[in-house]
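Undergrad: Pasting the sequence and the predicted coordinates here, then a few questions.
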Amino acid sequence: MCVDKKRNRIGRTLILLTAGAIVAGLMAASAGAQSFTLSQNGKGIGSASLSLRPGSATSGAKIDMPGLKYSFNETAQLDPGYHLVSVKLSGSVNGSNATVSAQPQGQQVVMHINANNQVINTPLAMHPNAVFFPDFDPAALQTMLYLGAAQNNRDLWALVPKQTGSVAAIRLVTNADMQGTLNGAPITVHHFTASYGATKAEVFSSPRNELLQAEWTDEGFAMVRQGFKLTPPAKPTAPPPAKPADAQQPQGQAPAQPKPQAQPQPQ
């Protein structure tokens, strides 16, 4: 009888452990696949997606607004430290299609760009912490956050697949933490200012360095993870009304006279 009870207890433990492993796996899968909304000046203009798994990242974005129809799909191979191994992108800007691929080779990375009926192969200096950085790419922002956490936000570089391709240093500045909610639960939000070349963005992440929001304030664009809401800072209260000067003087004394202002001296 005791043996049977022990077997039943072991069986229940194994079931619980198995269920826990399944739940943990589902949570990990959920954390690795995210959807984002894209807006300009508060108006929805498109969406973006990210799926990050060990060794690979897939992402995409689609924008449809007056003057800009933009979309891309990207697949990147990464090493366990989120360093770039290879990447392929196919996209379209206002009806013009393009494909881009890049693969580091020693001290260089050759960016292959096929666009406007032209094929361009541009050799660029390869840096260990380089991030492939198309516009509005959640995978680029997420990879930058992970590499930044490992590198103390130093020695980060952007591989930019525009025109003939270029490489630029990323400057990542840490700002004061903010607050927000993720799926209704309060969350501490890390805030960074990222800039490379002429591009500048405010980037917000979770304490685990997961991308929550990005804002390109100069153009009014924003990318927000579904379920996330940034809590705006509290507005300062209005100052108390000023008291009459006479009321501030002790009884029997004349009000103090303002001091004369210094006059500018002639040149």
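TA: Okay, I see it.
Undergrad: now stretch 110-124, how far from the centre of its chain.
TA: 27 Å (C-alpha atoms, centre = their mean, to the nearest Å).
Undergrad: Return the set of buried residues in it.
TA: M111, H112, I113, A115, T122, L124 (16 or more other C-beta atoms under 10 Å). Where C-beta positions appear, they are placed from N, C-alpha and C, glycine not excepted.
Undergrad: now these as TSV including distance to S90, pLDDT and secondary structure?
TA: Conversion of these to TSV gives the following (distance: C-beta to C-beta, whole Å; pLDDT from 0 to 100; DSSP: H, G, I helix; E, B strand; the rest coil):
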residue	distance to S90	pLDDT	secondary structure
M111	14	97	strand
H112	12	97	strand
I113	12	97	strand
A115	11	94	strand
T122	18	96	strand
L124	20	97	strand
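Undergrad: what two of the residues you listed have the greatest distance between them?
TA: A115 and L124 (16.8 Å; C-beta to C-beta).
Undergrad: How about the contacts made by the closest residue to D79 other than its chain neighbours?
TA: Once flanking residues are discounted, D79 sits nearest to V85: 5.8 Å by C-beta to C-beta, 6 or more residues apart in numbering. Each residue near V85 by C-beta atoms under 8 Å, 6 or more residues apart in numbering is listed here: A76, Q77, L78, D79, Q103, P104.
Undergrad: can you check A57 too?
TA: Here A57 is in contact with L50, S51, E74, T75, A76, L78, A139, Q142, T143 (criterion: C-beta under 8 Å, 6+ apart).
Undergrad: closest to S59 among the residues you listed?
TA: A139 (3.6 Å).
Undergrad: Quick check: which ranges of the chain have low pLDDT?
TA: 1-31, 233-267 (pLDDT under 70).
Undergrad: any idea which strand is longest in it?
TA: strand 166-182 (DSSP state E).
Undergrad: Which neighbours in the sheet does it have, and how are they oriented?
TA: Counting by DSSP bridges, the strands paired with strand 166-182 are strand 156-160 (antiparallel), strand 185-196 (antiparallel), strand 228-230 (antiparallel).
Undergrad: Mind checking these for the one nearest to G46?
TA: Here strand 228-230 is closest among the strands paired with strand 166-182 (C-beta to C-beta), at 17.0 Å.
Undergrad: buried ones in that closest one?
TA: Buried residues in strand 228-230 (16+ other C-beta under 10 Å): F228, L230.
Undergrad: got the contact list for L38?
TA: G44, I45, G46, S47, A48, A61, I63, F136, F221, A222, M223.
Undergrad: 7 Å instead, please
TA: I45, G46, S47, A48, A61, I63, F136, M223 (C-beta atoms under 7 Å, 6 or more residues apart in numbering).
Undergrad: What would stretch 212-232 look like as PDB? C-alpha coordinates only.
TA: This file holds the C-alpha atoms of stretch 212-232, laid out as PDB (Å, rounded to 0.1, in the frame of the first residue of the first chain):
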ATOM      1  CA  LEU A 212       8.000  47.800 -25.900                       C
ATOM      2  CA  GLN A 213       7.900  51.000 -27.900                       C
ATOM      3  CA  ALA A 214      10.000  53.200 -30.200                       C
ATOM      4  CA  GLU A 215       9.300  56.800 -31.300                       C
ATOM      5  CA  TRP A 216      10.900  58.800 -34.200                       C
ATOM      6  CA  THR A 217       9.800  62.100 -32.800                       C
ATOM      7  CA  ASP A 218      11.100  64.300 -35.600                       C
ATOM      8  CA  GLU A 219       8.700  62.600 -38.100                       C
ATOM      9  CA  GLY A 220       6.000  61.800 -35.500                       C
ATOM     10  CA  PHE A 221       6.200  58.000 -36.100                       C
ATOM     11  CA  ALA A 222       5.700  55.500 -33.300                       C
ATOM     12  CA  MET A 223       5.900  51.700 -32.900                       C
ATOM     13  CA  VAL A 224       4.100  50.200 -29.900                       C
ATOM     14  CA  ARG A 225       3.900  46.600 -28.800                       C
ATOM     15  CA  GLN A 226       0.300  45.300 -28.600                       C
ATOM     16  CA  GLY A 227      -0.800  45.300 -25.000                       C
ATOM     17  CA  PHE A 228       1.700  48.000 -23.900                       C
ATOM     18  CA  LYS A 229       0.800  51.500 -22.700                       C
ATOM     19  CA  LEU A 230       3.400  54.000 -21.600                       C
ATOM     20  CA  THR A 231       2.300  56.000 -18.500                       C
ATOM     21  CA  PRO A 232       2.800  59.700 -19.200                       C
END
